[in-house]
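*Asks:* Whatever this is, show me its structure:
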Amino acid sequence: MHNIIRLSAAALLSASILPASAAPVYECMQNGKRVYTQNPGSHCQKADVGRVGLYSSTPPANNLQPAAQESRAENRAAGSDTIQRQAARQQLEQAQKALEDGKKVRYGNERNYVRYQERIRNLEAAVGEAQQKLDALDKTDDSGGAAISR
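*Replies:* Predicted coordinates for the structure are as follows:
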């Protein structure tokens, strides 16, 4: 008895998985029980099951709207800003490190203190430029517009 139920459940399951062009489904009476199968027997008739697998118990929702998505250009711009900001931070860190290291060392051609001061001023200017670039990128991000560059 349990085998018949399992067989009918398997037949229904396989019938629902197969495409609409699959073999027909038959409704049979075995021991007073209704059984569905693809193999017709002596007490079977073709079952009218409709289009198997192409219907749903709930109608489709027509009022669904796609989620708002940023355009690819906006995504690229955001990624580009992040990359530029990281590069500017890295440039600032390198300039600051070069300035610190430069203050510690006097080269052989800098016996004249004026040459040493000139090199340090150039390193300080590089730090200032890197800081301005980073500030401009941060300001651009805060205002949402483009910063004016020199």
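*Asks:* in stretch 133-142, what counts as buried?
*Replies:* By neighbour count on 16 or more other Cβ atoms under 10 Å, the buried set for stretch 133-142 is 133-134, 136-137, 140. All C-beta spots, glycine's among them, are computed from the backbone N, C-alpha and C.
*Asks:* Among these, show me the least confident.
*Replies:* Looking at the buried residues of stretch 133-142 by pLDDT, the weakest one is T140, with 76.
*Asks:* Could you say which helix or strand holds that residue?
*Replies:* Per DSSP states H and E, T140 falls inside helix 113-143.
*Asks:* Skipping adjacent residues, who's closest to D138 in space?
*Replies:* Among residues not flanking D138 along the chain, R85 sits closest, at 7.3 Å (Cβ to Cβ, 6 or more residues apart in numbering).
*Asks:* where's that neighbour, which helix or strand?
*Replies:* Per DSSP H and E, R85 falls inside helix 72-104.
*Asks:* Give the rounded mean pLDDT of that helix.
*Replies:* Mean predicted confidence for helix 72-104 is 82.
*Asks:* how is this structure carved up into domains?
*Replies:* The chain breaks down into these domains under automatic domain parsing: 2-46, 79-143.
*Asks:* I'd like to check which residues are in contact with the closest residue to R119 other than its chain neighbours.
*Replies:* Nearest non-adjacent residue to R119, counting by Cβ to Cβ, 6+ apart: G102, 6.3 Å away. Counting by Cβ atoms under 8 Å, 6 or more residues apart in numbering, G102 touches 119-120, 123.
*Asks:* Narrow those residues to those that are buried.
*Replies:* By 16+ other Cβ under 10 Å, the contacts of G102 give 119, 123 as buried.
*Asks:* How about the contacts made by G41?
*Replies:* G41 neighbours (Cβ under 8 Å, 6+ apart): 26, 28.
*Asks:* what's the answer for L134, then?
*Replies:* Per Cβ under 8 Å, 6+ apart, neighbours of L134: 85, 88-89, 92.
*Asks:* closest to A47 among the residues you listed?
*Replies:* R85 (67.2 Å; Cβ to Cβ).
*Asks:* Would you check that that closest one makes contact with D135?
*Replies:* No. Using Cβ atoms under 8 Å, R85 is not in contact with D135; the gap is 10.8 Å.
*Asks:* Okay then, goodbye and thanks.
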